[in-house]
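Visitor: could you look at this predicted model? Sequence included:
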Amino acid sequence: MNTTTITMCILGGLLLIFLVLAGWVVSIYNGLVTLRNRYKNAYSQIDVQLKRRYDLIPNLVETCKGYMKHERETLEAVISARNIAANANARVAADPSDPTAMKQLMQAESGLGGVLGRLFAVAEAYPDLKANQNMLALQEELTSTENKVAYARQAYNDSVMTYNNGREVFPSNIIAGMFNFSQATPFEIENVAEKEVPKVAF
């Protein structure tokens, strides 16, 4: 074999190695993109259900107003907490990978759950309100929505765990670091008592 042939063989071998490495990098990169898109899409399901609940809350407050004339502070607290949570959700929906926005949403949802719990506790003292057909319909819709939120949150958290595992294992972690695939934040409520669905039974 002459020098030219040897050089061509070496270059061909190096090119083959380069193509294999490039294919490996592209494959891992595309896998991470897929996992990231999957958890972002999973959040969109939470977004739909949270918006539905946020839309129900003003109706709930309006229904309560006619009966709970002396509970203005409680009703205003519910609307305020609802607005804070809706704004926090809008920020997360725009970018589910933003850990600060997710933390603010979790805090806002905890606050909303707390004031809703107080509202339902106060409503127990109003028998006419408990028997109101509109209130009963809202109760059913809220319960259904809360269940859907819980289900969507579980699906989102599963997608987040799969993505985070994918970006942390070797050798994917090298590619994740090179292309700035940041860790995703699960949607969790830290206080165990606050994980319970707000009681809406009358």
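Guide: Happy to help now that I have it. Please read all numbers here as calculations on a predicted model, not as lab measurements. Numbers count the residues shown, from 1 in each chain.

Visitor: give me the most central residue, this protein.
Guide: residue 43 (4.5 Å; C-alpha atoms, centre = their mean).

Visitor: got the contact list for that residue?
Guide: Residue 43 makes contacts with 92, 93, 96, 156, 187, as judged by C-beta atoms under 8 Å, 6 or more residues apart in numbering. All C-beta spots, glycine's among them, are computed from the backbone N, C-alpha and C.

Visitor: ok, residue 39 next?
Guide: By C-beta under 8 Å, 6+ apart, the contact list for residue 39 reads 96, 156, 159, 160, 162, 163, 184.

Visitor: state the distance from residue 110 to residue 187.
Guide: Distance from residue 110 to residue 187, counting by C-beta to C-beta, to the nearest Å: 12 Å.

Visitor: which one's more surrounded, these two?
Guide: A side-by-side neighbour count of residue 110 and residue 187, using other C-beta atoms under 10 Å, places residue 187 first with 21 against 17.

Visitor: which residues touch that one?
Guide: Residue 187 neighbours (C-beta under 8 Å, 6+ apart): 43, 46, 102, 105, 106, 153, 156, 157, 160.

Visitor: and for the last one, the neighbour number?
Guide: Taking other C-beta under 10 Å as the criterion, the count of residues near residue 160 is 26.

Visitor: to which secondary structure element is the spatially closest residue to residue 138 that is not a sequence neighbour assigned?
Guide: Distances taken as C-beta to C-beta, 6 or more residues apart in numbering put residue 60 closest to residue 138, at 5.1 Å, once the chain neighbours are dropped. Per DSSP states H and E, residue 60 falls inside helix 3-65.

Visitor: mind listing what's buried in stretch 113-124?
Guide: Of all the residues in stretch 113-124, those buried under the rule 16 or more other C-beta atoms under 10 Å are 113, 114, 115, 116, 117, 119, 120, 122, 123.

Visitor: residue 123 versus the fifth one, what's the distance?
Guide: By that I understand residue 117. Applying C-beta to C-beta, the value for residue 117 to residue 123 is 11 Å.

Visitor: repeat for the first one
Guide: Counting by C-beta to C-beta, the separation of residue 113 from residue 123 is 16 Å.
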